[in-house]
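Colleague: the following block contains a protein sequence and its predicted model.
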Amino acid sequence: MDRASFSTRIDPGKIGTMRVGFEETMAGTFCANSGEESPMIFHVQAAASEAKAFITGTPMSLQGTVTIGGLVRDSPATGTLEVKAIRDRELVYQLQFEDESGAALHYLARKTITVRHLLSSMTTLVGRVYRGTEMLGKGTVTFDLRHLPEFLRSFRVSR
């Protein structure tokens, strides 16, 4: 393919009009304030109405499920993902879901990107779970690189 046809096919001015989506699963440990540890996992589908959300930090929508041992099991979750990788070197996840009794819970977490530890900082998410203003504990989850091929296959771009 020559350079002219490539630039005709991909118009940089239109990249913002392309929608993008992907799926992600992260798993790890929830440590309650009591010190008790239990498994934590979430699976989400992310969607942005503009592909430039990866650059601008415009929140992407998240939908999926959350499981935290002893607290919630496959609870439907919604939230946002802000990719602020260039400006602030972080990705901010917020997930809202309900516990078994119907009480609203909130997981607020960040991936803080460092060049020195690029791989681990891009695959480790550290956050806290709240019920209202009460912090219930800390949740640290990671992206398992063995799932990278399916993660990459989940990316979708459309107009």
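Modeller: That came through, no problem.
Colleague: secondary structure class for Leu148?
Modeller: helix (DSSP: H, G, I helix; E, B strand; the rest coil).
Colleague: and Thr65, how close does it get to Val44?
Modeller: When distances are taken as C-beta to C-beta, to the nearest Å, Thr65 and Val44 turn out to be 8 Å apart. Heads up, the C-betas are built off the backbone N, CA and C, glycines and all.
Colleague: what do these two both touch?
Modeller: Both Thr65 and Val44 are contacted by Ala77, under the criterion C-beta atoms under 8 Å, 6 or more residues apart in numbering.
Colleague: who has more neighbours, these two?
Modeller: Val44 (23 against 17; other C-beta atoms under 10 Å).
Colleague: surely that one and Phe22 touch.
Modeller: No - between Val44 and Phe22 there is no contact, the gap being 9.2 Å when judged by C-beta atoms under 8 Å.
Colleague: what residues are shared contacts of the two?
Modeller: Common contacts of Val44 and Phe22 (C-beta under 8 Å, 6+ apart): none found.
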